[in-house]
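In: What follows is a protein structure lacking sequence information:
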């Protein structure tokens, strides 16, 4: 029954392509229990993957686009009968696709490593396979963390030394829409303690005022680079501050760090880098230009680098938030492991889809709640 | 059999003070097996500690002093029948004493925490009990890491994602002495691949030349702030470079960062901060002034902060070495867990004493060798 890795993957991919894509039905390739029968004692890591399309509950609109689905690729790494789950989420504006992720994953040879614990070696190798491809890389990183956590029989928040009582509320995003729809969505968001609004259009003030007719809850604002003039941005931030907006993401175009620094220096609210920030190597460069950074697993290659970013940002006296794409409870639960240590969490990506294939972290009274399942804390639905 | 913590510690300290100090004999308080019988199921952490005096194999001389013993305090934290071991090493020039450590440890109330996994909360609390006292703090940190690693049944190098095949050679220190003794010590150091020489006296060149009559092995130099003029320091570094010296620690007085930066900028060898560097909060301030930092658990409060220092230094493109005091195999084994990720290791502190009370990491062909025991990888002798 021993197959070469190349044949194994070829077979896996063929199966995926012939039967799996459109429906998102779990393939036989993917076990249901987290235990892969017949592979106990196999001390080689086996990687498999399949594309999956997330169905959005609402049309998702940001400054430049709208959509109703988000493509992802789900990964599994099996080692000694234990399965680690991972995910690459691929919102179209970031440039990766299911095809590019699968092409990347086909190049990954985990069998050369003797243990999934060698995260430093493995993830350095994976990072060097190709430039960018950060979501593909994260799908390996998350599956490895899930696997290693399961071997140690502990969730990562514990391995990292955090207390699950310190998880923050997650923001819940109110999409850009007509005033009436925005009010309706705001009412539907009543279980959440803090709302997130994506601004950067002519209708920004109307959006906020519409929400304020419904609730006084704190709001986090993501301008998505939508404000082009630093003076107007600062005026807007002062206007927002008076309306209980508590933080602002990415007010200015991403490469314009001078204007970002000008705004941050004068802003009464903390200013976070989102599009301006991607990886660990960016953190120290952004000190001064922003109050903090928004860590997203899909942009920073996963949990290991996210943990390092948190550490470096804190050493630089910067604030930290953790965000997400539209994702299943797999990647959201992975990100939530870090959340006890952040200032803000924006981890509602799994709440916005109708076909989540994992059970993981939950939101109780608006607060992220970690469970004690090992690894990233998920099980298949 | 339930004792209040206060009474437990009072009893423990009384025992220590009445019977344990002078001889260093393990007390009943300290178990031999790593399992504390009768406490399985006790989900409170119990801290105990005792002073112990390390006997040095050779008189130890640095720029300003000589001595034949080093005082330490050994700690244990018992939780659910599992014992974690820690150590505070107290070379006199750093200001902590057995008395000051014991005074500090008496203030530490671990019973308020529900789990040793809450390292972030616990170590933040410990750090705030008093200023400084970094070795006392490290003795808690190390014992907690040992405990948590044992609960997960994994050594920390694996939990941190490192590969034990990447451990470096350790430097082995040749103390300042007469030319003949230095030559003899150099011959005795033949098992080691890289020597360390503490300079900063008028006899610096003689020392190096004496060693070079015996061996061509690479040498790391620690000037211990001993060079007072930056031009002379740079001349000396060029002289050393020609004699296969491979790195220099702390050439200039510790507060003189301008001169350190001047030397580092012009130096053909990497320059490391030792006395100029203590904790995580110093790393980014030293960028530019030094090529790298020397992490010592006793100065940085332990393994958790050491890991963060490594991460921040790497993000700042700085080199990292890990050093030690005169220590038992307890603290040395703890530090060695990080060593697969550093550029240089100076972890010979346990090799210099004759009454080590732990078995842990070894040195094979001059290279640090980690074992697969969980936690920090030690057992009592």
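Out: Structure received. In this text, all values refer to a predicted model and were calculated from it rather than measured experimentally.

In: which stretches of chain A aren't confidently modelled?
Out: Within chain A, the stretches with pLDDT under 70 are A:1-42, A:60-65.

In: For it, which helix extends over the most residues?
Out: helix A:134-152 (DSSP state H).

In: residues in contact with residue A:132?
Out: A:95-96 (C-beta atoms under 8 Å, 6 or more residues apart in numbering or on different chains). The way it works is simple: take the backbone N, C-alpha and C, and place the C-beta from them, glycine included.

In: Looks to me like it is in a helix.
Out: No: looking at residue A:132 with DSSP: H, G, I helix; E, B strand; the rest coil, it is coil, so not inside a helix.

In: how near is it to chain B?
Out: In this structure, residue A:132 and chain B are 20 Å apart, going by C-beta to the nearest C-beta, to the nearest Å.

In: can you check residue A:285 too?
Out: 10 Å.

In: which secondary structure element contains that residue?
Out: Assessed by DSSP states H and E, residue A:285 sits inside helix A:283-286.

In: and residue A:299, what is it in contact with?
Out: Residue A:299 sits next to A:94, A:134-135, A:277-279 when contact means C-beta under 8 Å, 6+ apart.

In: repeat for residue A:349
Out: Applying C-beta under 8 Å, 6+ apart, the residues contacting residue A:349 are A:89, A:324-327, A:331-332.

In: what about the residue of the stretch 151-300 of chain A found nearest chain B, which SS state?
Out: Per C-beta to the nearest C-beta, residue A:161 is where the stretch 151-300 of chain A lies closest to chain B, at 3.1 Å. Counting by three-state DSSP, the backbone at residue A:161 sits in coil.

In: Pull the number of nearby residues for it.
Out: 21 (other C-beta atoms under 10 Å in any protein chain shown).

In: Same question for residue A:359.
Out: By other C-beta under 10 Å, 16 other residues sit near residue A:359.

In: distance of it from residue B:295?
Out: For residue A:359, the distance to residue B:295 (C-beta to C-beta, to the nearest Å) stands at 41 Å.

In: so residue A:303 touches residue A:141, yeah?
Out: Yes: with contact defined as C-beta atoms under 8 Å, residue A:303 reaches residue A:141; the gap is 5.6 Å.

In: Can you get me a residue count around the nearest residue in space to residue A:378 that is not next to it in sequence?
Out: The shortest distance from residue A:378 to any non-neighbouring residue, by C-beta to C-beta, 6 or more residues apart in numbering or on different chains, is to residue A:360 (3.8 Å). Using other C-beta under 10 Å, residue A:360 has 23 neighbouring residues.

In: Likewise for residue A:288?
Out: Residues near residue A:288, counting by other C-beta under 10 Å, number 14.

In: can you list the residues of chain A near chain B?
Out: Residues of chain A lying close to chain B (C-beta under 8 Å from any C-beta of the partner chain) are A:115, A:117-121, A:123, A:148, A:152-154, A:158-163, A:166, A:280-281, A:283-284, A:304, A:308, A:311-312, A:315-316, A:340-341.

In: Would you write a PyMOL line that selects the buried entries of these?
Out: In PyMOL, selecting the buried portion of the residues of chain A next to chain B, with burial taken from 16 or more other C-beta atoms under 10 Å in any protein chain shown, looks like this:
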select buried, chain A and resi 115+117+118+119+120+121+123+148+152+154+158+159+160+161+162+163+280+283+284+304+308+311+312+315+316+340+341
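
In: what's near enough to touch the residue nearest to residue A:378?
Out: Applying C-beta under 8 Å, 6+ apart to residue A:360 gives the contacts A:329-330, A:332-333, A:336, A:350, A:371, A:373, A:376-379.

In: do that again at 10 Å, thanks
Out: Neighbour list for residue A:360: A:85, A:328-334, A:336, A:350, A:370-371, A:373, A:376-379, A:381 [criterion: C-beta atoms under 10 Å, 6 or more residues apart in numbering or on different chains].

In: now residue A:253
Out: Applying C-beta under 10 Å, 6+ apart, the residues contacting residue A:253 are A:225-228, A:259-260, A:275-276.

In: Buried only: go through the residues you listed for me.
Out: A:225-227, A:259-260, A:275-276.

In: any idea which of those is closest to residue B:183?
Out: residue A:276 (59.0 Å; C-beta to C-beta).

In: Could you look up the SS state of the closest one?
Out: coil.

In: wait, what's in contact with the closest residue to it other than its chain neighbours?
Out: Distances taken as C-beta to C-beta, 6+ apart place residue A:254 nearest to residue A:276, at 4.4 Å, with adjacent residues excluded. Applying C-beta under 10 Å, 6+ apart, one finds that residue A:254 lies in contact with A:224-225, A:260, A:273-278.

In: show me where the stretch 1-150 of chain A has strands.
Out: Assigned by DSSP state E, counting those that start in this stretch, the stretch 1-150 of chain A shows strands spanning A:46-62, A:65-79, A:82-89.

In: among these, which is nearest residue A:188?
Out: Among these, the nearest to residue A:188 by C-beta to C-beta is strand A:46-62 (9.5 Å).

In: Give the other helices and strands that that closest one contacts.
Out: helix A:5-15, strand A:65-79, strand A:82-89, helix A:98-106, helix A:134-152, strand A:171-174, helix A:179-188, strand A:194-198 (3 or more C-beta pairs under 10 Å, 6 or more residues apart in numbering or on different chains; DSSP states H and E).

In: could the ones you listed be laid out in JSON lines, adding distance to residue B:232?
Out: Converted to JSON lines, the helices and strands packed on strand A:46-62 look like this (distance: least, C-beta to C-beta, whole Å):
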{"stretch": "helix A:5-15", "distance to residue B:232": "60"}
{"stretch": "strand A:65-79", "distance to residue B:232": "57"}
{"stretch": "strand A:82-89", "distance to residue B:232": "56"}
{"stretch": "helix A:98-106", "distance to residue B:232": "54"}
{"stretch": "helix A:134-152", "distance to residue B:232": "49"}
{"stretch": "strand A:171-174", "distance to residue B:232": "59"}
{"stretch": "helix A:179-188", "distance to residue B:232": "71"}
{"stretch": "strand A:194-198", "distance to residue B:232": "60"}
